[in-house]
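1. What follows is a predicted protein model with its sequence.
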Amino acid sequence: MTGQPEPEVRTARCGDVDIAYDTLGSPQDPTVLLVNGLGTQLTGWHPDLCAAVAAEGFHVVRFDNRDVGLSTHLHEAGRPDLSPLAQGGTVTDAPYTLADMAADTAGLVDALGVERVHLVGVSLGGMVAQETALAHPERVASLTSVMSTPGGGVGRGTPEALAVLTLPPVPDEAAAGERGVAVARVIGSPAYPADEAEVAQRSRAAYRRANDPVGVARQYAAVLASGDRTERLRGLAVPTLVVHGEADPLIRVEAGRATADAVPGARLVTLPGMGHDLPRELWPRLVAEIAAHARAAQERTG
């Protein structure tokens, strides 16, 4: 399923939380910092995909956001109240926001001892990456926002896709594998069906590594309480690439177009047949786009 071993996990103190991360490639190369989506651990970035980015001459770092994986879980914050969603209301009961997660990300950049990073975020990770570029532009050499949104309900998903965000917790590892497959069938790429055996295996491994559904709910509350970044993005000077699947049912392609329209000089790449995942068949294109974007930013800034 993979030809790459999982690297050693390290921990950095970032403000009031510990952030778990690992690295691949030479630290002498420019750093690509990968930010993952809602409830997804650093292991969600497939080792083979990370190796492909590293092979382009980059130092690849992936990490667990707060409340997932081996990073700090804010158990004392409890479960946020997401019930207003059922009536189409607004969630305000969030113990933290995307700005706090962006501060974690900037803190990790400091801990890595690098001046700036090429930031690549998917889904919620794209929102965190956008917020990091807005609040800490001096730490971001380039931004790549993948299957994400500027917020404010732009590109709102189908009811079936949105339902996967509030499914009840699974009781055990076997059920976690079944859940991973079921979710992939709803939000995955119709043109590139997932290897369901691999999806199940990786979902079971994620459950064994760390399972905290209340932490995931707190992340979701952070998204819902953080508002729309569109107007702020209009002043962003960080070189920006936006990538979005044209068949994404969870965050529709309109959200990618809105992000690219908001950021001055941003380049938009839409991929036919791609849903809300990163199918292996599209890795060569994705890696090429990320690498070319990062190199162009390096050349502009020296």
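-> That came through fine.
2. Can you name the residues that contact Pro272?
-> Each residue near Pro272 by CB atoms under 8 Å, 6 or more residues apart in numbering is listed here: 191, 246-247. For every residue, glycine as well, the C-beta is placed using N, CA and C.
3. Show only the entries of these found in strands.
-> For the contacts of Pro272, not one is inside strands, with DSSP state E as the criterion.
4. In CSV, list these along with neighbour count and distance to Asp228.
-> Formatted as CSV, the contacts of Pro272 follow (neighbours: other CB atoms under 10 Å; distance: CB to CB, whole Å):
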residue, neighbour count, distance to Asp228
Ala191, 16, 31
Glu246, 15, 23
Ala247, 20, 24
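5. of those residues, closest to Glu76?
-> Nearest to Glu76 among the contacts of Pro272 is Ala247, at 40.3 Å by CB to CB.
6. show me what contacts that closest one?
-> 189-191, 272-275.
7. most surrounded residue in the residues you listed?
-> Counting neighbours by other CB atoms under 10 Å, Met274 leads the contacts of Ala247 with 27 neighbours.
8. if we can go back for a sec, out of the contacts of Ala247, which comes closest to Pro264?
-> The closest of the contacts of Ala247, once distances to Pro264 are taken by CB to CB, is Met274, at 25.7 Å.
9. Excluding chain neighbours, what is closest to Arg204?
-> Leaving aside its chain neighbours, Arg204 sits nearest to Gly177 (4.4 Å; criterion: CB to CB, 6 or more residues apart in numbering).
10. I should have written Leu85 there, sorry.
-> Val91 (6.5 Å).
11. Spell out the secondary structure type for that neighbour.
-> Following DSSP: H, G, I helix; E, B strand; the rest coil, Val91 is assigned to coil.
12. Look up how far Tyr220 lies from it.
-> Distance, Val91 to Tyr220, by CB to CB, to the nearest Å: 8 Å.
13. Which neighbours do the two have in common?
-> With CB under 8 Å, 6+ apart as the test, Val91 and Tyr220 both reach 80, 82.
14. which one of the contacts of Ala247 is nearest Pro27?
-> Taking the contacts of Ala247 together and measuring to Pro27 by CB to CB, the closest member is Met274, at 31.8 Å.
15. Bridged to the nearest residue to the closest one once chain neighbours are set aside, which residues?
-> Ranked by CB to CB, 6+ apart and with sequence neighbours excluded, the top spatial neighbour of Met274 is Gly245, at 2.9 Å. With DSSP bridges applied, Gly245 shows beta-bridge pairing to Leu271.
16. And for Thr23?
-> Assigned bridge partners for Thr23, using DSSP bridges, are Val61.
17. circling back: for the residue nearest to Leu85, what are its contacts?
-> So Val91 contacts 80-82, 84-85, 221, 224-225 (CB under 8 Å, 6+ apart).
18. before we move on, the earlier item: adding distance to Gly107 and pLDDT as columns, could you present the contacts of Pro272 in CSV?
-> Output for these, formatted as CSV (distance: CB to CB, whole Å; pLDDT from 0 to 100):
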residue, distance to Gly107, pLDDT
Ala191, 38, 98
Glu246, 35, 98
Ala247, 36, 98
